[in-house]
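Colleague: model this:
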Amino acid sequence: MTLLALFTAFSWVLFPRLCLFFDRRIAQRAFTAASSEQPAPLLVTPRQESHFSDAEILESLAMRIRGGMHAQTALEEMAQSQELPEMFKNVVHSHYSASLEEMLQHFQAVAKNSHLYDVATLLLLSCRYGSLEPVALDEAARTVRASKQQMSRLLVASAQARFTVKALTSLPLLSVAAGILFSSTFRSSLQQPTFLVIVAVGMFLNWAGYIWMKNITTSVQDLAKPSALQQLVTSTSISLHAGDSLLTAIEKWKGVNSVGTEIARHLSQGDSLVHALLPLERDCGNAGRTVRRLLIDNNQMGTPLTDLVQRLQEDVESEISLRTNIAIQHMTTKLTFPVVFCVLPAFLVLALLPVVVASFASLPSTSLS
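Modeller: Predicted structure coming up:
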């Protein structure tokens, strides 16, 4: 009974405060380490990373170009001042005599399968007539910051959920450890096959709940990646800010993702814009249908591109916010099932079993006369 009283006191007094403390620490650590948890490029040696974020690289480049510096000269200066990642610095030094567009294509090629691929793509989209458009670079930086802001919400929510998973699944194990340390009756009961089977069942339920909840939090983190529609709208917005026409901006969807490549292929084959944009409605849902309608209306009626860019930005930001809110709400709901069906039964078996064993052992033994 003393063990049960100590456990109850810990649960009601100390455990909530410990949860609040560690929850903040783990959430902060997960958020600050998010940029380093990107997939590394294959067969690439360790490199010295730039201290500048993607948005800061784009803004610094736009500022230099506005000051009258040529784009390639600006890239060379940023490489020398350690503002570019090592991967991009090597490309600048080895392809400085090439044209700007060829250099940016090399950026994209060497950054494939790494977190730098996105910023390389944004730089290539901002290129027009052998130079980088500062307005397009500013728009690319704004897009990157907006995506990071939405991603941070998912990272913090998933970090909190991961701590909850660790806390819930560690309590049954701590109960078994306490029973082994403080109860001689519990230690002697471990030699009985029936008792060992019960403990094994509890351990299995606890392990299954941990794996189940971990998969749920991991799937939520995957939603932080930009959707196909978000990538296409971002590409269009940056291309239009760079001065491209609407059809040219859509043709640049080739290579952005599978949907954009299919649409660009239809346009290159001579299909009408109405037919070419059908994959948006097919693969991107209601938001894709809205974007398709906006693009078709602008192409047919010739409305100003500034209005189109603003509408596209509003639509994609609304879609990102909606996806983020839905993902967080779904994660909270989904975590209920492993808690109810795995963690809670494991806690009842492993946490209360030592108390039950000790209680039965303390009863006076009776014998039949």
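Colleague: got the domain boundaries for this structure?
Modeller: Domain segmentation of the chain under automatic domain parsing yields 54-132, 151-358.
Colleague: would you turn the ones you listed into CSV with mean pLDDT and mean neighbour count?
Modeller: For every residue, glycine as well, the C-beta is placed using N, CA and C. Converted to CSV, the domains of the chain look like this (pLDDT from 0 to 100; neighbours: other C-beta atoms under 10 Å):
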stretch, mean pLDDT, mean neighbour count
domain 54-132, 86, 18
domain 151-358, 81, 17
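Colleague: Turn the ones you listed into JSON lines, columns for distance to Ala140.
Modeller: Formatted as JSON lines, the domains of the chain follow (distance: least, C-beta to C-beta, whole Å):
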{"stretch": "domain 54-132", "distance to Ala140": "4"}
{"stretch": "domain 151-358", "distance to Ala140": "5"}
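Colleague: next one: the host helix or strand of Phe163 to chain centre, how far?
Modeller: Phe163 is part of helix 134-182 when elements are defined by DSSP states H and E. Relative to the chain's own centre, helix 134-182 is displaced by 10 Å; criterion: C-alpha atoms, centre = their mean, to the nearest Å.
Colleague: Of all the domains of the chain, which one comes closest to Glu139?
Modeller: domain 151-358 (4.5 Å; C-beta to C-beta).
Colleague: Please give the centre-to-centre distance between the closest one and its chain.
Modeller: With C-alpha atoms, centre = their mean, you get 8 Å for domain 151-358.
Colleague: try stretch 103-119
Modeller: 19 Å.
Colleague: okay but Ile296 is in contact with Leu277, surely?
Modeller: Yes: using C-beta atoms under 8 Å, Ile296 is in contact with Leu277, at 6.7 Å.
Colleague: Can you work out which residues contact both of the two?
Modeller: With contacts taken as C-beta atoms under 8 Å, 6 or more residues apart in numbering, not a single residue reaches both Ile296 and Leu277.
Colleague: What separation is there between Val259 and His93?
Modeller: Applying C-beta to C-beta, to the nearest Å, the value for Val259 to His93 is 36 Å.
Colleague: Arg292 now?
Modeller: Computed as C-beta to C-beta, the Arg292 to His93 distance reads 43 Å.
Colleague: just Leu168 next, same as before
Modeller: From Leu168 across to His93, the span is 52 Å (C-beta to C-beta).
Colleague: Likewise for Glu251?
Modeller: 32 Å.
Colleague: do Thr303 as well
Modeller: 45 Å.
Colleague: same check, this time on Met331
Modeller: 45 Å.
Colleague: Over to Leu344?
Modeller: 60 Å.
Colleague: just Ile326 next, same as before
Modeller: Distance, Ile326 to His93, by C-beta to C-beta: 45 Å.
Colleague: cool, Thr236 as well?
Modeller: Taken as C-beta to C-beta, the span from Thr236 to His93 is 33 Å.
Colleague: contacting residues around the helix or strand where Thr234 lies?
Modeller: Assigned by DSSP H and E, Thr234 falls within helix 228-241. With contact meaning C-beta under 8 Å, 6+ apart, helix 228-241 is reached by 121-122, 125-126, 133, 135-136, 138-140, 143, 147, 226, 246, 248-250, 252-253, 256-260, 280, 283-284, 287-288, 291, 295, 305, 308-309, 312-313, 315-316, 319-320.
Colleague: any idea of the angle that helix forms with helix 134-182?
Modeller: Our comparison of helix 228-241 with helix 134-182, counting by axes from the mean of the first three to the mean of the last three C-alpha atoms, to 10 degrees, yields an angle of 150 degrees.
Colleague: Going along the chain from helix 228-241, find the next helix or strand for me.
Modeller: Downstream of helix 228-241, the next assigned helix or strand under DSSP H and E is helix 246-251.
Colleague: tell me what that next one is packed against?
Modeller: helix 228-241, helix 258-268, helix 273-276, helix 285-301 (3 or more C-beta pairs under 8 Å, 6 or more residues apart in numbering; DSSP states H and E).
Colleague: which non-adjacent residue is nearest Val91?
Modeller: His106 (4.8 Å; C-beta to C-beta, 6 or more residues apart in numbering).
Colleague: And Arg162, by the same measure?
Modeller: Closest to Arg162 by C-beta to C-beta, 6+ apart is Thr217, at 5.3 Å.
Colleague: which stretch of helix or strand covers the one you found?
Modeller: helix 193-222.
Colleague: Which strands or helices does that helix pack on?
Modeller: helix 134-182, helix 305-334, helix 336-338, helix 344-362.
Colleague: can I get these in TSV with distance to Ala242?
Modeller: Putting the helices and strands packed on helix 193-222 into TSV (distance: least, C-beta to C-beta, whole Å) gives the following:
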stretch	distance to Ala242
helix 134-182	4
helix 305-334	11
helix 336-338	48
helix 344-362	56
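Colleague: Out of those helices, the one nearest Leu267 is which?
Modeller: helix 305-334 (17.4 Å).
Colleague: how much does the closest one deviate in direction from helix 134-182?
Modeller: 10 degrees.
Colleague: what angle do helix 305-334 and helix 193-222 make?
Modeller: 170 degrees.
Colleague: just checking, what packs against helix 305-334?
Modeller: Counting by 3+ C-beta pairs under 8 Å, 6+ apart, helix 305-334 packs on helix 134-182, helix 193-222, helix 228-241, helix 285-301.
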